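# with the sequence up front, the predicted model follows.
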Amino acid sequence: MASEKKTSPSWSDVRAALLTFDHAGLQGLVQDLYAASKDNQAFLHARLGLGHDQLKHYKSIISRWINPDSTRDQPISVSKAKKEITDYKKAIGRPDGLAELSLFYCEEALSFLESCGMEDEGYFLALIRMYAQALNLVSKIPVTERHAYVERLDKLRSRARHVGWGVQEELNDLWHTAGLDEP
């Protein structure tokens, strides 16, 4: 007997199945997806531009994983925090939203480091990489809309002097390389 090769369904299979739906059926499917998880809701809110703060869900998860509540013995997960930024990028990926989430990540990471004095090289490196990402994203925002982001980036550099491991020097180097200290 010949063995059948089993493959996972692909987007082509999903697309073909969706073509069989009428308007009401497709709306029902989206409603079921919406009800299935908070992540789906956040995705749809961001994609469709719904609500007054489309970043709130993403920020709360970033904060949970990068700046956990020490009184509740919550673990840290850089990867889960960064995943939220990736999820937002998949949903809509607006440069200002990505810059905001990247800056928020850095602010939360520094708050955590200031409060607990943790000495974890991987955490520090993730913070430095996220700061570099934030600089890059801010550079894609129109010059007339950058001021508040640049102020926050500068404030982060100043705050980093308290965390050690050369983090402030790294942030300063990134800042200077981006040319933000020039008129």
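On my side now, so go ahead.
# neighbours of Glu121, how many?
Around Glu121 there are 8 other residues, counting by other Cβ atoms under 10 Å. Where C-beta positions appear, they are placed from N, C-alpha and C, glycine not excepted.
# next one: Phe104
22.
# repeat that for Leu50.
10.
# now the helices for this protein?
Secondary structure of the chain (DSSP state H): helices located at 11-18, 23-36, 38-48, 56-66, 78-91, 95-116, 121-139, 147-159, 167-177.
# closest one to Arg72 among those?
Nearest of these to Arg72, taken as Cβ to Cβ: helix 56-66 at 10.3 Å.
# the closest one vs helix 38-48, what angle?
Angle between the axes of helix 56-66 and helix 38-48 is 130 degrees (criterion: axes from the mean of the first three to the mean of the last three Cα atoms, to 10 degrees).
# could you pull out the buried residues of helix 56-66?
Buried residues in helix 56-66, counted by 16 or more other Cβ atoms under 10 Å: 57-59, 61-66.
# repeat that for stretch 161-168.
Under the neighbour-count rule (16+ other Cβ under 10 Å), stretch 161-168 has 163, 165, 167-168 buried.
# now for the one helix or strand in the chain whose mean pLDDT sits lowest, which elements pack on it?
Within the chain, no helix or strand scores below helix 38-48, which has a mean of 85 by mean pLDDT, DSSP states H and E. Here helix 38-48 touches helix 23-36, helix 56-66, helix 78-91, going by 3 or more Cβ pairs under 8 Å, 6 or more residues apart in numbering; DSSP states H and E.
# identify the residue spatially nearest to Leu26, adjacent ones excluded.
In this structure, Leu26 finds its nearest non-sequential neighbour in Leu18, 6.9 Å apart by Cβ to Cβ, 6 or more residues apart in numbering.
# unless I'm mixing things up, the one you found is touching Gly25, no?
No: using Cβ atoms under 8 Å as the test, Leu18 is too far from Gly25 to be in contact (9.1 Å).
# what is the burial count for Leu26?
For Leu26, using other Cβ under 10 Å, the count is 13.
# state the pLDDT value of it.
pLDDT for Leu26: 87.
# in space, what's closest to Leu44 - neighbours in sequence excluded?
Tyr34 (5.9 Å).
# list the contacts of the one you found.
40-41, 44 (Cβ atoms under 8 Å, 6 or more residues apart in numbering).
# do that again at 10 Å, thanks
40-41, 43-45 (Cβ atoms under 10 Å, 6 or more residues apart in numbering).
# tabulate the residues you listed in TSV, adding columns for neighbour count and distance to Asp120.
Output for the contacts of Tyr34, formatted as TSV (neighbours: other Cβ atoms under 10 Å; distance: Cβ to Cβ, whole Å):
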residue	neighbour count	distance to Asp120
Asn40	14	33
Gln41	16	33
Phe43	20	31
Leu44	14	35
His45	19	33
